[in-house]
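**Q** Take this sequence and fold it.
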Amino acid sequence: MSDTSLYGTDFNTPAYAKEVDREELARALILFCIQDGNIASENISGRLAKIQTMLNETQEKLGGNEENIPLLMAVNGVQSEVTEALMALQFFDRITQRMDHAVATIEGVQSTQDMRKRFTMEDERVLYDALSKGANLDLAVNMAKQTLISTIDKKGEDIELF
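**A** Got it, this is the predicted structure:
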């Protein structure tokens with residue numbers, strides 16, 4: 001027998017029997033993904049920052065002593081990897097923004113034309129424009145992906161770390 005209660009409420013009673021609205025379910029799932037992802041992102045970011053601090057302290061302790069050069073090189077290599085991981089993690093913010101925009105669209109908070117003005121990323125505007133001009137879903141997503149790749153190639157080094 002499965003536990004269907006939450007805080008003492010039995011959701012199997014007829015009072016709670018209703019068809020789940022698909023849009024409401026989609027919104028709830030997206031919002032839950034955002035919440036869950038933010039928790040994981042903050043955890044990973046905190047751990048990487050702690051590792052970076054430990055590496056900085058290790059580097060200071062090793063000093064410029066010639067016998068420590070191999071260790072210093074290893075520390076520098078790990079620091080570079082941590083920096084790359086932080087940059088990759090920053091792209092999670094893009095996903096969160098897209099999911100927020102999806103929820104707003106589902107909720108019908110604004111017209112789709114107003115929605116375009118809210119988009120902060122060029123790839124989202126490309127996706128919207130392609131769909132509004134009649135492109136099928138696969139083509140529109142591919143066009144947005146190409147724009148994203150181009151943006152990363154052009155600005156990848158300019159990404160601000162947390």
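
**Q** Report the separation between the most centrally placed residue in the chain and residue 123.
**A** Geometric centre of the chain, nearest residue: residue 92, 2.2 Å, by CA atoms, centre = their mean. Distance, residue 92 to residue 123, using CB to CB, to the nearest Å: 15 Å. For the C-beta atoms, the positions are set from N, CA and C on the backbone; glycine is no exception.

**Q** before we move on, back to that, quick check: the gap between the residue nearest to the centre of the chain and residue 137.
**A** Distance of residue 92 to residue 137, given as CB to CB: 24 Å.

**Q** With residue 88 instead?
**A** Distance from residue 88 to residue 137, by CB to CB: 27 Å.

**Q** cool, residue 117 as well?
**A** Per CB to CB, residue 117 is found 22 Å from residue 137.

**Q** for the chain, which spans come out with low pLDDT?
**A** Scanning the chain for pLDDT under 70 picks out 1-22, 24-25, 109-113, 155-162.

**Q** which residues does residue 76 contact?
**A** residue 59 (CB atoms under 8 Å, 6 or more residues apart in numbering).

**Q** The longest helix along the chain: what's the following helix or strand?
**A** Longest helix of the chain, by residue count under DSSP state H: helix 22-62. Next helix or strand after helix 22-62 toward the C-terminus (DSSP states H and E): helix 69-90.

**Q** Can you tell me the closest non-neighbouring residue to residue 79?
**A** residue 55 (5.1 Å; CB to CB, 6 or more residues apart in numbering).
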